[in-house]
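Asks: how would this look folded up:
(chains A and B)
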Amino acid sequence: MTIPAIDMLAILPQTIVIVTALLVLLVDAAAGQARIDRQVLPWLSLLGLAAAAAAAVWLSLSGQPHYFQEMAVADGYSLTVMLVILLTAGLGVLLAQATVPHISHQAGAYYGLLLLSAAGMMFMGAALDLLVVFLALEILSLALYVLVGFNRAEARSAEASLKYFLLGAFSSGFFLYGIALVYGATASTNLEAIGAALAQGTGASASQSLYLYAGVAMLLIGFGFKIAMAPFHMWTPDAYQGAPTPVTGFMSVATKAAAFGAFMRVFVIALPAAQPQWSWALAILATLTMTLGNLAALRQSSLKRMLAYSSIAHAGYALVGLVPGTSQGVSAVLFYLFSYVFMNLGAFAVVTALERLGENDVLNGNFAGLADRRPALAAAMAIFMFSLAGIPPFVGFFAKFFVFSAAMAEGWGWLVLVGVLNSVLSAFYYLSVTVQMYFRKADETPAVAEAAGKSKPGLRRAEGKGKKGAAAPAAAAQPAETALALSTRSLSVAVFIAALGTVAVGLWPAPWTQWISQAVTAVFGG
Amino acid sequence: MINLTSLPILSVITLLPLLGMALVLLLRGEKAMKSAALLASLLTFVVSLALWFGWQTGEAGMQFMESMPWAPELGIHYTVGVDGISMPLVLLTTLLLPLVLLFSWDTVRDKQKTYLALMLLLETAMIGVFVALDLVLFFVFFEASLIPMYFLIGRWGGPRRVYAALKFFIFTAFGSAFLLAGILALGYLYQQQTGVWSFNVLDMVGLGLPANVQTVLFFAFLLAFAIKVPLFPFHTWLPDAHVEAPTGGSVILAGILLKMGTYGFVRFSLPLFPEPSQRFAPLLAILAIVGILYGALVALAQKDVKKLVAYSSVAHLGFVTLGIFALQQESLSGAVLQMVNHGLSTGALFLLVGFLYERRHTRQLDDFGGLWKLMPIYAGFALITFMSSAGLPGLNGFVGEFTILVGAMKSNILFAVLGTLGIILAAWYLLWAFAKIFQGPNANSANASLKDLNLREVVIMVPLVILFIVIGLYPNLFLSKINPSTQLVVDQLSNPSAITQHYQAQMVSAVELVER
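Replies: Numbering: from 1, shown residues only, chains lettered A, B, ... in the order given. Just a heads-up that it's a prediction; the model follows:
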């Protein structure tokens, strides 16, 4: 028996991220004795992420895909997904620098977990086998469960973590059961092999096709949970609102990118045989997701909660691109996720900037008069809001345009109409933020906040709890005051990068779409 | 002599205000910012005159074309060009902007930097709308123009500014959603026929779509443009927006933004969907006439001058729409000319209201009276402007309305009769308002201290008044440039291949342009 040759290059970027995660934990552990300033940890993380990104760029420029057995691959597609995740993680680290010192002394654990979950996400896009998808899903989820509950002094953070964990574990069960059923129908867990078996007519008998469709449905539930697709989105608002804001920003973008990365490969490569069925299912689910997300977002007074519902709606828009099951659609979804990094993480960066020490919830009313107090920050937020609403010339417009045109190309006209009308609906709540920032005066704030509290008794109760808890870390954070200057600078950098991306990629999308469509066609065919 | 057509003049005109905006954002000091903004808009105007002087009169198709790939996977190009329909509107835009900035020189004191930056951003978006020949490019500019106007109303507006700004934004965005879906569908249909994506309007005209598909798309486009115009019954956002907007915003809104809708009818609806355009033309003509009469009657009932002017806009834009959907060459030319006329005279009316409001902080008709003696220069300008708006022969408004009515008469005598009734009503409310403000006894002692127009204000009004007279006495100066293009649009309604051949020859030259 020979030991199989393993092409380690295939998992080089992930390896770099995992090694960096371990290094961060080691440095953190040694920091006490060796008198190392823990300020070095985020920079170490950023260095690792940059190295991984460099490796990914190098691998994709070298052209040939690298296979890790038949389990994972570093091809143009997976590397693009990885780059999106790495970019998100990088911005996530910048955001975290402003918050982590105030909520915890365990900075090492924070950055380590962030990197580990990023590594899991990177495996999602690279997976060629359903079991690898499952393993990657668990790696990223376990790290995120902890991160969501990282603000131990805040009751809502713990509640969010528990909710996310229970429902996440449940959905993992569905996913695993789906794998088993698909295996039952096709005798394989390898994506190519499943596709080949289905193409040859395996799975055509009545019992096998029952297994197959039940399995596909369960995989759909598993993915749907991770991307926050209705009706599996229930955890999203609570988890997003309760989690520390940098975590919310990171997970809202990167988890989506990772889950879509695997979602698209599984459905387009392994299950084209069932495409007519899943296309319809996805079209209906996308409609539901967009509409529910937008309608619910209209009613929110907490900005994080509003952004949570908005991110549900955006999962719906992105799903529209997957409906046709074409490589044009896959490219469009990738571009969507790429642009979503800038506009959504940018919005969360602004929310982070507005959070007072340890305070973990920003109301819409807190934005009142922001344009007078912090003009640059308000302008950036306005750009993110218009972009999220899909107003040109910002990147969100082209993201939606490409997704919708991919659906149109296969004749999904009604779905496009649903999509554009949902964009108008979403304009209401995105505009309300700009109304606060630009058209209201700051002194109106208390009245607005109070009114919001009155209309939502449940929320006020939660707020009361939150405030009690918030006092502790605020006090604990006193020594961290010195870090404040540094952290605001890193936040400004994050906001600037996000705003620049939102404007520049929107004005000049061609280089990015070319990169993406080349990478996608190489893997998914013309 | 330099060949003007070989320079990227349209791109320069479109981007100059943006450069001005960047400059304004960088500069400190009130005077420096204001001067930079004014200079940028004046420079844009001067460069845009190259279109006028380099114009090849008699050419029906696009001139000054430029093209380069933008998002090539989907065949989206940055393609710009102007014909006799869009060129006057570009000039109108570049002319009004410096005047508005001059008006704002002393009157906008709050957040000047943002105000100036938004104005210049708006200019880029508006010029872009009129020069874009790619549907996606057009849509980007069309939507992008919402953002600065939204902030102008919401930040510098009156007491109900937030409501008005939101209503303006949401109404237009709602229409645009259908426009976007229609544009996507057109690109898809083109791809079905030819195998490649394109959103170039010159490619689209030869598509020869089945009538039912045309009808669906026609209504998708119509909704967006009808809200923008605004055509009755989609007009409810307009009075709110106008009343709350600052004077500069109102001038731009009435003068230019509303023309995007009527321009859309001419540029897109008629050439792309000739079948439903003809079938539903009577319906639209009737809606236009309802708008004319309704706008005029409601204007008669107003106590607020600004509201009166806003409703008169509904009526005037009804005239333009009537001219377009009478589907006659004369009326179409008249409609294009009337777009310019309305931009000039309603722009002037809003400026006049603004001068008064700056002095007295009221716009109620009852607060004024007898101003003829107190402010003779102001009254003189106002008289010419009111007459221009009412369509007095010898001034610009008459020419536009007359040519529209001639075309409407050819199409349906009833349209012409009802349209004429609208002119009478317009004369009624305008003269009534004029009498209220300038004649009779002074209603309020506070008026006694009113100062007449200063030099800056006179400088603003003079170019407008000159144009009233020039267009009124020698309309051919404009019509000779407009006519060939409108003739092409009308020819194409009965014979779709006419425009196709004309444009296809142009597309070849555009492709050569890209390759060079």
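Asks: roughly how far apart are the closest residue to A:Gly168 other than its chain neighbours and chain B?
Replies: Once flanking residues are discounted, A:Gly168 sits nearest to A:Ser141: 5.2 Å by Cβ to Cβ, 6 or more residues apart in numbering or on different chains. All C-beta spots, glycine's among them, are computed from the backbone N, C-alpha and C. Distance from A:Ser141 to chain B, counting by Cβ to the nearest Cβ, to the nearest Å: 35 Å.
Asks: My read is that A:Ser141 contacts A:Ser172, right?
Replies: Yes - between A:Ser141 and A:Ser172 there is a contact under Cβ atoms under 8 Å: 6.9 Å.
Asks: What count of nearby residues applies to A:Ala107?
Replies: Using other Cβ atoms under 10 Å in any protein chain shown, A:Ala107 has 22 neighbouring residues.
Asks: contacting residues for the residue nearest to A:Gly168?
Replies: Contacts of A:Ser141 were listed using Cβ atoms under 8 Å, 6 or more residues apart in numbering or on different chains, and they are A:Ser117, A:Gly120, A:Gly168, A:Ser172, A:Lys226.
Asks: That one: helix or strand, and which one exactly?
Replies: Assigned by DSSP states H and E, A:Ser141 belongs to helix A:130-148.
Asks: The residue nearest to the spatial centre of chain A - nearest residue in space that isn't next to it in sequence?
Replies: The centre of chain A sits closest to A:Val253, judged by Cα atoms, centre = their mean, with a distance of 2.1 Å. Spatially, and ignoring its direct neighbours in sequence, A:Val253 is nearest to A:Thr88 (4.7 Å; Cβ to Cβ, 6+ apart).
Asks: Repeat that for A:Ala50.
Replies: Nearest non-adjacent residue to A:Ala50, counting by Cβ to Cβ, 6+ apart: A:Gly90, 7.3 Å away.
Asks: how far away is that neighbour from A:Ala254?
Replies: Per Cβ to Cβ, to the nearest Å, A:Gly90 is found 10 Å from A:Ala254.
Asks: Mind checking which of these two has more residues around it?
Replies: More crowded of A:Gly90 and A:Ala254, by other Cβ under 10 Å: A:Ala254, with 30 against 23.
Asks: show me what contacts the more buried one?
Replies: Going by Cβ under 8 Å, 6+ apart, A:Ala254 touches A:Val84, A:Ile85, A:Thr88, A:Ala89, A:Gly92, A:Ser117, A:Ala118, A:Met121.
Asks: Recalculate using a threshold of 6 Å.
Replies: A:Ile85, A:Thr88, A:Met121 (Cβ atoms under 6 Å, 6 or more residues apart in numbering or on different chains).
Asks: any idea which helix or strand carries the first one?
Replies: Same thing as A:Ile85. A:Ile85 belongs to helix A:76-103, assigned by DSSP H and E.
Asks: Quick one: the strands in the chain, in order.
Replies: By default, I'm working from chain A. For chain A, applying DSSP state E gives strands covering A:66-68, A:72-74.
Asks: Not quite, go with chain B.
Replies: B:63-71, B:76-82.
Asks: what angle do the last one and strand B:63-71 make?
Replies: Put simply, strand B:76-82 runs at 170 degrees to strand B:63-71, going by axes from the mean of the first three to the mean of the last three Cα atoms, to 10 degrees.
Asks: Can you point out the buried residues in strand B:76-82?
Replies: Within strand B:76-82, the residues that count as buried by 16 or more other Cβ atoms under 10 Å in any protein chain shown are B:Ile76, B:His77, B:Tyr78, B:Thr79, B:Val80, B:Gly81, B:Val82.
Asks: try stretch A:121-131
Replies: Neighbour-count burial for stretch A:121-131, counted by 16+ other Cβ under 10 Å, picks out A:Met121, A:Met122, A:Phe123, A:Met124, A:Gly125, A:Ala126, A:Ala127, A:Leu128, A:Asp129, A:Leu130.
Asks: same thing with stretch B:65-77?
Replies: Across stretch B:65-77, burial judged by 16+ other Cβ under 10 Å covers B:Met65, B:Glu66, B:Ser67, B:Trp70, B:Ala71, B:Glu73, B:Leu74, B:Gly75, B:Ile76, B:His77.
Asks: Give me the nearest residue to the first one, chain neighbours excluded.
Replies: Residue nearest to B:Met65 in three dimensions, not counting chain neighbours: B:Gly81, with 3.7 Å by Cβ to Cβ, 6+ apart.
Asks: tally of neighbours for B:Ile170?
Replies: Neighbours around B:Ile170, by other Cβ under 10 Å: 18.
Asks: Name the nearest residue to it, ignoring sequence neighbours.
Replies: Closest residue to B:Ile170 in three dimensions, ignoring its sequence neighbours and counting by Cβ to Cβ, 6+ apart: A:Ala427, at 6.3 Å.
Asks: Wait, the one you found touches B:Ala173, no?
Replies: Yes - contact between A:Ala427 and B:Ala173 holds when scored by Cβ atoms under 6 Å: they sit 5.3 Å apart.
Asks: still on that earlier bit, what distance do you get for the residue nearest to B:Ile170 to A:Val420?
Replies: Applying Cβ to Cβ, the value for A:Ala427 to A:Val420 is 11 Å.
Asks: Ok, B:Asn447 next?
Replies: To A:Val420, B:Asn447 is 51 Å away according to Cβ to Cβ.
Asks: do the same with B:Lys31
Replies: Counting by Cβ to Cβ - B:Lys31 and A:Val420 are separated by 45 Å.
Asks: In terms of neighbours, single out the busier of the two.
Replies: Between B:Lys31 and A:Val420, counting by other Cβ under 10 Å, A:Val420 is the more crowded of the two (22 against 9).
Asks: how much space between the closest residue to the more buried one other than its chain neighbours and B:Gly394?
Replies: Counting by Cβ to Cβ, 6+ apart, B:Ala177 is the residue found nearest to A:Val420 once chain neighbours are left out, at 4.0 Å. Distance, B:Ala177 to B:Gly394, using Cβ to Cβ: 45 Å.
Asks: Which one's more surrounded, the two?
Replies: Shown here are B:Ala177 and B:Gly394; by other Cβ under 10 Å, B:Ala177 has more neighbours (23 against 12).
Asks: didn't the more buried one look like it was pressed against A:Gly419?
Replies: No - using Cβ under 6 Å, B:Ala177 makes no contact with A:Gly419, being 9.0 Å away.
Asks: Can you get me a residue count around the residue nearest to B:Ile170?
Replies: 24.
Asks: ok, now A:Gln69?
Replies: A:Gln69 has 14 neighbours, counted by other Cβ under 10 Å.
Asks: near chain B, which residues of chain A?
Replies: For chain A, the residues in contact with chain B (Cβ under 6 Å from any Cβ of the partner chain) are A:391-393, A:404-405, A:408-409, A:416-417, A:420-421, A:424, A:427, A:435, A:438-439, A:509-510, A:513, A:517.
Asks: cutoff 8 Å now
Replies: A:375, A:386, A:391-393, A:397-398, A:401-402, A:404-405, A:408-409, A:411, A:413, A:416-417, A:420-421, A:423-424, A:427-428, A:431, A:434-435, A:438-440, A:509-510, A:513-514, A:517 (Cβ under 8 Å from any Cβ of the partner chain).
Asks: Can you list the low-confidence ranges for the stretch 151-300 of chain A?
Replies: Low-confidence segments of the stretch 151-300 of chain A (pLDDT under 70): A:202-204.
Asks: Return the nearest residue of it with respect to chain B.
Replies: Residue nearest to chain B within the stretch 151-300 of chain A: A:Leu298 (12.4 Å; Cβ to the nearest Cβ).
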